[in-house]
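Participant: Any chance you can model this:
(2 chains)
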Amino acid sequence: DQQVKQNSPSLSVQEGRISILNCDYTNSMFDYFLWYKKYPAEGPTFLISISSIKDKNEDGRFTVFLNKSAKHLSLHIVPSQPGDSAVYFCAASANTGNQFYFGTGTSLTVIP
Amino acid sequence: GAGVSQSPSNKVTEKGKDVELRCDPISGHTALYWYRQSLGQGLEFLIYFQGNSAPDKSGLPSDRFSAERTGGSVSTLTIQRTQQEDSAVYLCASSLGRQNYEQYFGPGTRLTVT
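Facilitator: The predicted model follows:
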């Protein structure tokens, strides 16, 4: 039972354009959301997070948007760079529990 | 300082054998997580340690899986009588505290059961 879903397994974007990665979740108890970036043969690295009390969090080229009513979050990367090419995972947790639930990942390719 | 380290990086074992996977978290991190990622799947939570509290073992898929954390630092994940479906990348992560803290991941151990 996948509580966090990333329905696009891959995405290709031209360098300089915007990359939009999407994530949907089913558990309304989730109140904290994170995005991780993973290069091959490495562990995921934290990118950006958002609490459910906010609907937007921005850090440089990365912005995460949260739509609680739709149970949807997205990661925007502007402008996209070739070094952004990686697999991106979204994750969610509920303050009442210890678990983080991860999506299956979206492989982003930024074309120079 | 050093990040999270895991050993071995790769492990090939025969079905039915036991394996031990090791995780060295970042010094000072009280929380430690084990995940596994099977081919084409997301990260699956296995177990969570927080300080001296009893671990949250709710993600362990069967009683063949166990983990311990000695002295609040190094952790070992043990899989007994390995099966082919245990083949996956096993990832360890540590963080400063409970959920809502950034998790720092190790590079993972790729386990292949033949």
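Participant: So the closest residue to residue B:70 other than its chain neighbours versus residue B:35, what's the distance?
Facilitator: Nearest non-adjacent residue to residue B:70, counting by C-beta to C-beta, 6 or more residues apart in numbering or on different chains: residue B:76, 7.7 Å away. (C-beta placed from N, C-alpha, C; glycine too.) Applying C-beta to C-beta, to the nearest Å, the value for residue B:76 to residue B:35 is 15 Å.
Participant: quick one: which of these two has more around it?
Facilitator: Remark: of residue B:76 and residue B:35, residue B:35 carries more neighbours, 26 against 14, as counted by other C-beta atoms under 10 Å in any protein chain shown.
Participant: what is that one paired to in the beta sheet?
Facilitator: residue B:45, residue B:91 (DSSP bridges).
Participant: Surely it touches residue B:93?
Facilitator: Yes - taking contact to mean C-beta atoms under 8 Å, the distance of 6.9 Å between residue B:35 and residue B:93 places them in contact.
Participant: any residues in contact with both of those two?
Facilitator: Counting by C-beta atoms under 8 Å, 6 or more residues apart in numbering or on different chains, residue B:35 and residue B:93 have no shared contacts at all.
Participant: Show me what from chain B comes close to chain A.
Facilitator: Taking C-beta under 8 Å from any C-beta of the partner chain, the part of chain B that reaches chain A is made up of B:4, B:33, B:35, B:40-45, B:48, B:50, B:56, B:58-59, B:91, B:93, B:98-100, B:102-108.
Participant: Which of the residues you listed fall in strands?
Facilitator: Among those, the subset assigned to strands under DSSP state E consists of B:33, B:35, B:43, B:44, B:45, B:48, B:50, B:91, B:93, B:104, B:105.
Participant: In PyMOL, how would I select the buried members of these?
Facilitator: Per 16 or more other C-beta atoms under 10 Å in any protein chain shown, the buried members of those correspond to this PyMOL selection:
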select buried, chain B and resi 33+35+43+44+45+48+50+91+93+104+105
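Participant: Including pLDDT, could the ones in strands among the residues of chain B next to chain A go into a markdown table?
Facilitator: Below are those laid out as a markdown table (pLDDT from 0 to 100):
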| residue | pLDDT |
| --- | --- |
| B:33 | 94 |
| B:35 | 95 |
| B:43 | 89 |
| B:44 | 91 |
| B:45 | 91 |
| B:48 | 92 |
| B:50 | 89 |
| B:91 | 96 |
| B:93 | 94 |
| B:104 | 92 |
| B:105 | 94 |
